[in-house]
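>>> Need the 3D shape of this:
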Amino acid sequence: MGSSLLIAYLSFSVYLLTLGYVLAFALVNRFDQSAVVILILTMGASTVIINSLAYYGVQSAIVALASLLVFASAPLPPENTVSFFVLLFALGVFAIVIIVRLKLVSSVKHSYANLERLQVLSIVANRRGEIIFISPSVEALLGYDPKTLTKNGWWQTGNLSKGWISREHILNYPNIITAELISMESSMTTRDGNKKWLSWANSVLPNGNYMGVAHDITRYKNPGSQAAGS
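Got it, this is the predicted structure:
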């Protein structure tokens with residue numbers, strides 16, 4: 001955790017230093033086209049690095065204010081004037097990009113929260129039979145850390161390996177899903193030894209990956225209890 005934070009801070013510091021240098025370069029050259037292109041590309045990187053619209057707003061305000069001061073200090077050549085306004089336009093476009101990205105991130109987090117609240121599990125395997133995604137709700141449902149179940153982890157966990165589409169089917173019948181597999185029920189033993197019943201809706205994605213979405217139906221199989229003993 002500490003090393004990850006250190007890397008994040010170092011990366012952000014390098015970005016700020018780069019931005020400062022490129023901004024100074026653009027201002028000294030009075031919005032020369034090449035200098036502005038480099039500045040716009042650097043600002044574009046912020047749409048990936050910065051995860052706060054407020055931080056981006058402060059950064060853009062500083063860039064815009066410095067640019068306006070230079071622009072007002074003396075007339076610019078016509079081509080440089082165009083570059084100046086292109087820079088301001090780019091700041092607005094990147095703001096829209098960040099807003100859209102942050103909304104998507106928020107939507108994904110909200111979806112994960114809903115999956116956990118509804119006790120719904122989602123899993124995706126590629127055509128090589130490797131688990132490339134499993135929803136965080138697997139921890140609440142089955143007691144396993146999702147990170148341990150990716151790649152071959154699901155298949156190597158005896159309690160789970162037979163609870164979904166078999167790996168052999170994925171490898172031997174790419175892009176084929178039979179009627180029996182489209183909708184199926186299975187029982188699994190959780191990490192703490194309880195039995196869970198899951199109702200699956202399975203499909204093949206356009207890229208050939210297999211996707212399964214499961215809902216916990218244990219209480220319907222075992223009325224009066226959330227999870228029956230094995």
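
>>> Show me what the lengthiest helix in the chain is packed against.
Ranked by residue count and defined by DSSP state H, the top helix of the chain is helix 78-118. Other helices and strands packing on helix 78-118, by 3 or more CB pairs under 8 Å, 6 or more residues apart in numbering; DSSP states H and E, are helix 33-49, helix 53-73, strand 120-125, helix 137-142. Every residue, glycine included, has its C-beta placed from N, CA and C.

>>> Please parse this protein into its domains.
Split into domains by automatic domain parsing, the chain comes to 2-112, 119-229.

>>> worst average pLDDT in these?
Note on the domains of the chain: lowest mean pLDDT is at domain 2-112, with a mean of 83.

>>> Any idea how far that domain is from the middle of the chain?
Remark: domain 2-112 is offset 22 Å from the chain centroid, using CA atoms, centre = their mean, to the nearest Å.

>>> List the buried residues in stretch 95-107.
Using 16 or more other CB atoms under 10 Å as the test for burial, stretch 95-107 gives 95, 98, 102.

>>> Can I get the helices and strands packed on helix 78-118 in JSON lines including distance to A214 and mean neighbour count?
Compiled in JSON lines, the helices and strands packed on helix 78-118 are given as follows (distance: least, CB to CB, whole Å; neighbours: other CB atoms under 10 Å):
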{"stretch": "helix 33-49", "distance to A214": "33", "mean neighbour count": "17"}
{"stretch": "helix 53-73", "distance to A214": "36", "mean neighbour count": "14"}
{"stretch": "strand 120-125", "distance to A214": "4", "mean neighbour count": "21"}
{"stretch": "helix 137-142", "distance to A214": "8", "mean neighbour count": "20"}
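
>>> which one of those lies closest to G208?
strand 120-125 (10.1 Å; CB to CB).

>>> just the angle between that closest one and helix 78-118, please?
For strand 120-125 against helix 78-118, the angle by axes from the mean of the first three to the mean of the last three CA atoms, to 10 degrees is 120 degrees.

>>> Report all helices and strands that strand 120-125 contacts.
Packing partners of strand 120-125 (3+ CB pairs under 8 Å, 6+ apart): helix 78-118, strand 131-134, helix 137-142, strand 210-216.

>>> want to throw those into a markdown table with distance to L181?
Converted to a markdown table, the helices and strands packed on strand 120-125 look like this (distance: least, CB to CB, whole Å):
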| stretch | distance to L181 |
| --- | --- |
| helix 78-118 | 21 |
| strand 131-134 | 17 |
| helix 137-142 | 20 |
| strand 210-216 | 9 |
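
>>> nearest residue to K221 other than its sequence neighbours?
Once flanking residues are discounted, K221 sits nearest to W197: 4.3 Å by CB to CB, 6 or more residues apart in numbering.

>>> The helices and strands packed on helix 78-118: which one's closest to H215?
Nearest to H215 among the helices and strands packed on helix 78-118 is strand 120-125; the distance by CB to CB comes to 5.4 Å.

>>> Report the distance from the closest one to the chain centre.
Strand 120-125 sits 15 Å away from the centroid of its parent chain (CA atoms, centre = their mean).

>>> relative to strand 210-216, how tilted is that strand?
Using the same axes, to 10 degrees: strand 120-125 against strand 210-216 is 160 degrees.

>>> Show the contacting residues for S183.
199-202 (CB atoms under 8 Å, 6 or more residues apart in numbering).

>>> Look up phi and psi at M188.
phi -130, psi 150 (degrees, to the nearest 10).

>>> three-state assignment of the closest residue in space to it that isn't next to it in sequence?
Among residues not flanking M188 along the chain, G163 sits closest, at 4.0 Å (CB to CB, 6+ apart). The three-state assignment at G163 reads coil, by DSSP: H, G, I helix; E, B strand; the rest coil.
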